[in-house]
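*Asks:* Got a predicted structure here, sequence first:
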Amino acid sequence: MSTPEISPELLAIIVCPACHGDLIVTAADAGTELVCGGCGLAYPVRDGIPVLLVDEARKPV
């Protein structure tokens, strides 16, 4: 089963809510994530919708 894509238009306007850094789409074991290029937080994408909540983000190791 394929993961729904995030539209390029949406990616162009959203930023990390913690540090306002750019977000990069990456594949993870649990599915697609948006990883911040600034602080490294990884936000989950559920059903094609980015969950941009700091409490839901995976912390960098």
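*Replies:* Right, received. Where do you want to start? Numbering: from 1, shown residues only.
*Asks:* mind listing what residue 57 touches?
*Replies:* Taking C-beta atoms under 8 Å, 6 or more residues apart in numbering as the contact definition, residue 57 lies against 18, 41-44. Heads up, the C-betas are built off the backbone N, CA and C, glycines and all.
*Asks:* If I look at it, what pLDDT would I see?
*Replies:* At residue 57 the predicted local distance difference test score is 97.
*Asks:* Then residue 33?
*Replies:* Listed pLDDT for residue 33 reads 95.
*Asks:* Can you name the helix or strand that residue 27 falls in?
*Replies:* In this assignment (DSSP states H and E), residue 27 forms part of strand 23-28.
*Asks:* Then residue 32?
*Replies:* For residue 32, the element it lies in under DSSP H and E is strand 31-36.
*Asks:* Closest one of the contacts of residue 57 to residue 28?
*Replies:* For residue 28, the closest of these turns out to be residue 42, at 7.0 Å, with distances computed as C-beta to C-beta.
*Asks:* what's the burial count for the closest one?
*Replies:* With neighbours defined by other C-beta atoms under 10 Å, the count for residue 42 comes to 18.
*Asks:* Just grab the bridge partners of it for me.
*Replies:* For residue 42, the beta-bridge assignment (DSSP bridges) gives partners residue 35, residue 58.
*Asks:* Which residues are in contact with it?
*Replies:* Contacts were defined as C-beta under 8 Å, 6+ apart; by that measure residue 42 touches 26, 28, 33-36, 57-58, 60.
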